[in-house]
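S.K.: sharing a model that was predicted from the sequence below.
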Amino acid sequence: MTLRLSGGRRLHSPPGDRARPTASRVRQAVFNMLAPHLRGSRWLDLCSGSGVMACEALKHGAANVVAVEQDRRIARVAHANLAIVAGGLTASGRWTVCCREVLHWLEQEHPGPGFDLIYCDPPYADSLHGPVAEVLAAGGWLRPQGLLLLECGSQMTPAIPSSWSLVDERRYGGTTVLVLQTSASAVEQAATAILVPGGHEQAQQRHGNQTEHDAAEQGFDHG
């Protein structure tokens, strides 16, 4: 399998068949949607796999990227790919790869200043989406007005924990991306949309149609 970044740059492909890199058309759609939020952002990539989404975030202007992947071999691929995209620079502190199981890492690490954008793409059948979202909300990992994106199979979309609000849902064939905000941020944004003339329409344009939804222990750090 040949893995390429948008623009055609070739990346290293992960070994074996466990990793499932996000399809190029899904990546393109996601980053088009996130374009207003990317420049200067802090991006957290959970269950990073090959690191291709983290690489895209870096390429599109994220100021800082953290990728978490539990498989040591695959984490090394993510590390190599981010080094390619960053031009081999390792002293800028712009990117980090952590080789840890995602829930253990979230429970043991500190979010620091938090992240503007969090992308989570675990194996579709592992039922990790809900537990990861719960830990992210409890730990304060997302900055106010930040977005959590969950990539999942279109036939197995997860229940949304009560601590989150669904602000958008995009389906790309067999892949669906859920866009969430913490419930407090969603309420605050809705209030702003009501108080500001035209704010409701602007919020809809920015986030799309809102829908209701039921509900290795080794790091590779640069900086």
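M.R.: Great, that's in hand. Computed from a prediction, not measured in an experiment: that's the story for all the values here.
S.K.: ends of stretch 163-177, what's the gap?
M.R.: One end of stretch 163-177 sits 18 Å from the other (C-alpha to C-alpha, to the nearest Å).
S.K.: give the buried residues for it.
M.R.: 164-170, 172, 175-177 (16 or more other C-beta atoms under 10 Å). Using the backbone N, CA and C atoms, a C-beta is placed for each residue, glycine as well.
S.K.: closest one of the residues you listed to residue 183?
M.R.: Nearest to residue 183 among these: residue 165, at 5.0 Å, using C-beta to C-beta.
S.K.: hang on, that closest one in a strand?
M.R.: Yes - Residue 165: assigned to a strand according to DSSP: H, G, I helix; E, B strand; the rest coil.
S.K.: that one touches residue 180, doesn't it?
M.R.: Yes - in this structure, residue 165 is within contact of residue 180 by C-beta atoms under 8 Å, at 6.6 Å.
S.K.: mind listing what's buried in the longest strand along the chain?
M.R.: The single longest strand within the chain, with elements called by DSSP state E, is strand 142-153. Burial within strand 142-153, assessed by neighbour count using 16+ other C-beta under 10 Å, is assigned to 142-143, 146-152.
S.K.: in its sheet, what does that strand sit against?
M.R.: Neighbouring strands of strand 142-153 in its sheet, by DSSP bridges, are strand 115-120 (parallel), strand 175-182 (antiparallel).
S.K.: let me see the mean pLDDT of that strand.
M.R.: Averaged across strand 142-153, pLDDT comes to 96.
S.K.: pull the residues that contact it.
M.R.: 22, 26, 30, 34, 37, 42, 113-121, 124-125, 129, 133, 136, 158, 164, 167, 174-182, 185, 188-189 (C-beta atoms under 8 Å, 6 or more residues apart in numbering).
S.K.: send the alpha carbons of that strand over as CSV?
M.R.: Below are the C-alpha coordinates for strand 142-153, written out as CSV (Å, rounded to 0.1, in the frame of the first residue of the first chain):
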residue,chain,number,x,y,z
LEU,A,142,-10.1,20.2,24.9
ARG,A,143,-9.9,24.0,25.0
PRO,A,144,-13.2,26.0,25.1
GLN,A,145,-14.8,26.0,21.7
GLY,A,146,-12.4,23.2,20.6
LEU,A,147,-13.6,20.2,18.5
LEU,A,148,-13.4,16.5,19.0
LEU,A,149,-13.6,14.4,15.8
LEU,A,150,-14.4,10.7,16.1
GLU,A,151,-13.8,8.5,13.0
CYS,A,152,-15.9,5.4,13.0
GLY,A,153,-17.6,2.9,10.7
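S.K.: by contact count, what packs against the host helix or strand of residue 103?
M.R.: Take DSSP states H and E as the rule and residue 103 turns out to sit in helix 102-108. Packing partners of helix 102-108 (3 or more C-beta pairs under 8 Å, 6 or more residues apart in numbering; DSSP states H and E): helix 129-139.
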